[in-house]
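*Asks:* this is a predicted model, with the sequence first.
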Amino acid sequence: MDHARIDWTGIVFALVLSLVIVFPLLVVATWAFSDVWRYPSVVPQEFGLKYWTMTLKRADVWTSITLSVSLATVVTLISAVICLPAAYAFARLEFPGRNLLFFSFLAGHAFPKFGLLVAIAGIFLNLGLIATFWGVVLIQLVGTLLFMVWIPVAAFQSVDRRMEEAARDVGASPLRVFWSITLPQAGPTIAAAVLLTFVNTFYETEGAWLIGAPQIRTMPVLMISFINNQPVIQYGAVLSVLLWIPSFLALIFARRMIGSGSFARGFGG
């Protein structure tokens with residue numbers, strides 16, 4: 001009887017990769033819940049929530065949380081209003097320069113991001129948008145194009161055209177066909193794109209720091225300042241753990257989409 005060979009090389013690589021990813025997270029989480037941790041002890045001498053209480057009592061922390069949620073919400077809504085109609089047009093219409101314009105949405109991701117941000121910052125400086133809420137909104141919109149155009153295009157292309165044509169044959173209006181046939185099929189994948197956009201914007205750091213500083217300080221920017229400038233490392237660790245929450249919720253939602261097959265159908269699977 002042939003026995004399946006164990007891929008030890010793959011197992012070793014998987015373990016190393018898991019260690020590289022998980023170990024730093026465990027260290028940060030341990031710092032967040034340690035009241036006393038002095039060298040050379042391998043584990044904290046005291047666990048507790050003292051630094052959670054101290055961190056969450058800070059006014060700048062709550063200001064940054066509110067600001068990050070507000071920015072992510074506004075950017076996601078504006079991106080949806082602009083990009084979803086564009087995605088539908090790319091998926092369903094033929095017009096001059098369509099392919100060139102479609103691939104141009106990758107331009108912001110094809111070059112070093114920081115160099116692009118510096119160039120945009122020079123323009124924003126002349127427009128008076130540096131250190132303003134709307135300046136950060138505009139710079140973060142650039143990072144949403146990949147999620148809010150490419151993913152919905154795949155979703156709209158995967159919709160069963162025969163169902164749409166059948167609905168039109170029985171007298172349904174184009175708007176009724178869209179709301180009753182197109183959107184329900186493309187909706188789960190579009191919802192995933194919206195969630196990815198929100199989470200990506202929530203974590204965006206370079207644009208928020210370069211365009212928004214010093215007045216606009218989002219959670220990631222504040223966390224970096226805590227780590228760099230605060231003598232107490234637990235402040236930064238607590239903020240880091242708080243920043244994991246959106247990713248955790250997004251992972252749960254994505255798992256539901258993948259498990260139901262909706263996400264795969266949106267990509268033509």
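*Replies:* Perfect, I can see it now.
*Asks:* how about low-confidence regions in the stretch 1-150 of the chain?
*Replies:* Within the stretch 1-150 of the chain, the segments meeting pLDDT under 70 span 1-4, 106-110.
*Asks:* where do the strands of it begin and end?
*Replies:* Per DSSP state E, counting those that start in this stretch, the stretch 1-150 of the chain carries strands over the ranges 34-36, 46-47.
*Asks:* what number of residues lie near Val142?
*Replies:* 20 (other Cβ atoms under 10 Å). Where you see a C-beta, it was placed from the backbone N, CA and C, and this is true even at glycine.
*Asks:* ugh, wrong one, Ala172
*Replies:* Other residues within reach of Ala172, judged by other Cβ under 10 Å, total 16.
*Asks:* one more: Asp160?
*Replies:* Counted with other Cβ under 10 Å, the neighbours of Asp160 add up to 12.
*Asks:* that one reaches Thr182, doesn't it?
*Replies:* No: applying Cβ atoms under 8 Å as the test, Asp160 and Thr182 come out as separate, 9.4 Å apart.
*Asks:* and the helices in the stretch 51-200 of the chain?
*Replies:* 59-92, 98-104, 107-110, 113-127, 133-142, 145, 151-157, 161-169, 174-177, 183-203 (DSSP state H, counting those that start in this stretch).
*Asks:* and these: which comes nearest Phe226?
*Replies:* Nearest to Phe226 among these is helix 59-92; the distance by Cβ to Cβ comes to 9.1 Å.
*Asks:* give the other helices and strands that the closest one contacts.
*Replies:* In terms of contacts (3 or more Cβ pairs under 8 Å, 6 or more residues apart in numbering; DSSP states H and E), helix 59-92 is packed against helix 98-104, helix 133-142, helix 151-157, helix 183-203, helix 219-229.
*Asks:* mind saving the C-alpha coords of the first one as CSV?
*Replies:* Taking Å, rounded to 0.1, in the frame of the first residue of the first chain, the C-alpha atoms of helix 98-104 are listed here in CSV:
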residue,chain,number,x,y,z
ARG,A,98,-12.1,52.0,-21.9
ASN,A,99,-9.2,49.6,-21.4
LEU,A,100,-6.6,52.3,-21.0
LEU,A,101,-8.8,54.2,-18.5
PHE,A,102,-9.6,50.9,-16.6
PHE,A,103,-5.9,50.0,-16.2
SER,A,104,-5.1,53.6,-15.2
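*Asks:* measure how far it is from the centre of its chain, please.
*Replies:* How far helix 98-104 lies from its chain's middle: 23 Å, per Cα atoms, centre = their mean, to the nearest Å.
*Asks:* just the buried residues of that helix, please?
*Replies:* Using 16 or more other Cβ atoms under 10 Å as the burial criterion, the residues of helix 98-104 that qualify are Phe102.
*Asks:* which residues touch that helix?
*Replies:* Phe90, Val149, Val153 (Cβ atoms under 8 Å, 6 or more residues apart in numbering).
*Asks:* just these now: which is nearest Phe114?
*Replies:* Set against Phe114, the nearest of the contacts of helix 98-104 by Cβ to Cβ is Val149 (22.7 Å).
*Asks:* what's the neighbour count on that closest one?
*Replies:* Val149 is flanked by 21 other residues according to other Cβ under 10 Å.
*Asks:* go on, Val69?
*Replies:* The tally of other residues near Val69 (other Cβ under 10 Å) stands at 15.
*Asks:* OK, contacts around it?
*Replies:* Residues near Val69 by Cβ under 8 Å, 6+ apart: Phe202.
*Asks:* so how far is Leu77 from it?
*Replies:* 12 Å (Cβ to Cβ, to the nearest Å).
*Asks:* what of Leu138?
*Replies:* 14 Å.
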